[in-house]
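Colleague: Quick one, what's the 3D model for this:
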Amino acid sequence: MSGQIDDEVRRLTRAVVRIHAGVLALVGAVLGGSAIFLMTIWLLVKGGPKIGLHLRLLNQFFYGYSVTWSGSLIGLVYGAIVGAILGWLIGTIYNAVVGLRR
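Modeller: Coordinates of the predicted model:
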C-alpha cells in the first residue's frame, strides 16, 4: 500500500511541476500591457509641468510610444508583446530545467 501511494505522489509531483508556457505568456501579456497603460494614464491624469520624464524614455525602445493618450494604447500593445515573450521564455526555460531533473 505504501509503495502505491509513493508512486502516486511521484507521478503527481512530476505533473504539477511543469508550467504551461502559453498560459504564462498570456499572464505576462496582460500584466505587461496593463502596467504600461496604467502608468501612462496615471501620469496624464496627475499632470504637472514635466509629465513622465522617465517613462518617456520608453520611446527609445518602443517606436511611437509617448506619454499621451494615444501613446498609452501603443504602450499597451508593446507591453503585451514584451510581457508575452518574457512569460513564454520563462515558462520554456523552466520546463527545460525541470526536464533535465528527470
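Colleague: Check what pLDDT residue 82 gets.
Modeller: Among the per-residue scores, residue 82 holds a pLDDT of 97.
Colleague: Not counting sequence-adjacent ones, nearest residue to it?
Modeller: Closest residue in space to residue 82, ignoring its immediate chain neighbours: residue 32 at 5.4 Å, by CB to CB, 6 or more residues apart in numbering. The C-beta positions use only the backbone N, C-alpha and C, and glycine is treated the same way.
Colleague: residues of the helix or strand where the one you found lies that come out buried?
Modeller: Applying DSSP states H and E as the criterion places residue 32 in helix 21-46. Of all the residues in helix 21-46, those buried under the rule 16 or more other CB atoms under 10 Å are 21, 24-26, 28-29, 31-33, 36-37, 39-40, 43.
Colleague: What of stretch 74-82?
Modeller: Across stretch 74-82, burial judged by 16+ other CB under 10 Å covers 74, 75, 76, 77, 78, 79, 80, 82.
Colleague: Need the CA coordinates for that stretch. PDB is fine.
Modeller: Extracted as PDB, the C-alpha positions of stretch 74-82 are listed here (Å, rounded to 0.1, in the frame of the first residue of the first chain):
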ATOM      1  CA  ILE A  74       0.700  52.000 -28.100                       C
ATOM      2  CA  GLY A  75       2.400  51.200 -24.800                       C
ATOM      3  CA  LEU A  76      -0.400  48.700 -24.100                       C
ATOM      4  CA  VAL A  77       0.400  46.800 -27.300                       C
ATOM      5  CA  TYR A  78       4.200  46.900 -26.700                       C
ATOM      6  CA  GLY A  79       3.900  45.900 -23.100                       C
ATOM      7  CA  ALA A  80       1.600  43.000 -24.000                       C
ATOM      8  CA  ILE A  81       4.100  41.800 -26.700                       C
ATOM      9  CA  VAL A  82       7.100  42.100 -24.400                       C
END
